[in-house]
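1. sequence and predicted structure below; questions after.
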Amino acid sequence: DTAVSQTPKYLVTQMGNDKSIKCEQNLGHDTMYWYKQDSKKFLKIMFSYNNKELIINETVPNRFSPKSPDKAHLNLHINSLELGDSAVYFCASRGTQGNTEAFFGQGTRLTVV
Amino acid sequence: AQKVTQAQTEISVVEKEDVTLDCVYETRDTTYYLFWYKQPPSGELVFLIRRNSFDEQNEISGRYSWNFQKSTSSFNFTITASQVVDSAVYFCASRAHGSSNTGKLIFGQGTTLQVKP
């Protein structure tokens, strides 16, 4: 009964490929996020969705396209993968009633070779 | 714009020592929230604590305590009697208040804590 779950946990792929990472939360939260953690462990937000609507796009290349089919899911599709896309991608969710904290998935380690 | 600074990149202590992780934040918001997250070697991000800007009370949870001081814009985290299982990367983060923000977290660079037996 994991609160925020991401699949896959590890993803190794070649440059130029297209890949997707899936995220699901069972917390009933309205807002979901994608964060990227680089090789130096620095965490930075990429996207935020609220009730399936894109709210934040932090100057992420167009090759990254989030999709939210419903409030409980936020998937990340990446086209034409580049070496620099190698990172750990975290999905998170947060309830917007009250001032709550974000809960994170276990992360997806993407390695582009 | 918000900014969070964790000046300590790495800290190494021996088990049972007390250790304090520093966090300094910058914000122009009058209402904001501060957080600490733990990232153990397994890689997940674990929420530890949230503090509201209007509540400067310090908090203690077991061996963990947090010291929030608005006067110095600091939100430091102390682990008492550290244990090997405390070895992890610890992130301090801030979030502005307000619906337009939708709650994005601004993270510090993280502090890697190594507790040796």
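-> Good, I have the coordinates.
2. and chain A, which residues reach chain B?
-> A:31, A:33, A:35, A:40-45, A:48, A:50, A:55-56, A:58, A:88, A:90, A:92, A:94, A:96, A:99-107, A:109 (Cβ under 8 Å from any Cβ of the partner chain). Any C-beta I mention is one placed from the backbone N, CA and C, and that applies to glycine too.
3. list the helices and strands the helix or strand hosting B:W66 packs on?
-> If you go by DSSP states H and E, B:W66 is part of strand B:64-69. Judged by 3 or more Cβ pairs under 8 Å, 6 or more residues apart in numbering or on different chains; DSSP states H and E, the packing partners of strand B:64-69 are strand B:46-52, strand B:59-61, strand B:74-79.
4. for it, which outside residues touch it?
-> Taking contacts as Cβ atoms under 8 Å, 6 or more residues apart in numbering or on different chains, the residues outside strand B:64-69 that touch it are B:34, B:36, B:48-49, B:51, B:55-60, B:74-80.
5. now these: which count as buried?
-> For the contacts of strand B:64-69, a burial check counting by 16 or more other Cβ atoms under 10 Å in any protein chain shown picks out B:34, B:36, B:48-49, B:51, B:74-79.
6. nearest to B:S12 among these?
-> B:I79 (13.1 Å; Cβ to Cβ).
7. wait, that closest one sits on B:E15?
-> No. Contact between B:I79 and B:E15 fails when scored by Cβ atoms under 8 Å: they sit 11.0 Å apart.
8. immediately after the lowest-mean-pLDDT helix or strand in chain A, which helix or strand?
-> Using mean pLDDT, DSSP states H and E, strand A:53-57 stands out as the lowest-scoring helix or strand of chain A, at a mean of 83. Using DSSP H and E, the helix or strand that follows strand A:53-57 in sequence is strand A:64-70.
9. that next one to strand A:53-57, inter-axis angle?
-> 150 degrees (axes from the mean of the first three to the mean of the last three Cα atoms, to 10 degrees).
10. for strand A:64-70, packing partners?
-> Other elements packing on strand A:64-70 under the criterion 3+ Cβ pairs under 8 Å, 6+ apart are strand A:43-50, strand A:53-57, strand A:73-78.
11. what comes up buried for the last one?
-> Read it as strand A:73-78. Going by neighbour count (16+ other Cβ under 10 Å), the buried part of strand A:73-78 is A:73-76, A:78.
12. the inter-axis angle of the strand holding B:W66 versus strand B:46-52?
-> 30 degrees.
13. am I right that A:G84 sits in a helix?
-> Yes. Under DSSP: H, G, I helix; E, B strand; the rest coil, A:G84 falls within a helix.
14. average model confidence for stretch A:7-17?
-> Averaging pLDDT along stretch A:7-17 yields 97.
15. from one end of that stretch to the other, what's the distance?
-> 17 Å (Cα to Cα, to the nearest Å).
16. mind showing which ranges of chain A have poor pLDDT?
-> Low-confidence segments of chain A (pLDDT under 70): A:1, A:97-99.
17. just the pLDDT at the closest residue to B:N58 other than its chain neighbours, thanks.
-> The shortest distance from B:N58 to any residue other than its chain neighbours is 5.2 Å, reached at B:N67 (Cβ to Cβ, 6 or more residues apart in numbering or on different chains). If you check B:N67, the pLDDT there is 95.
18. quick one: B:N67 from A:E58, how far?
-> 31 Å (Cβ to Cβ, to the nearest Å).
19. picking that back up, okay, buried residues for the strand holding B:W66 please.
-> For strand B:64-69, by 16+ other Cβ under 10 Å, it's B:64-68.
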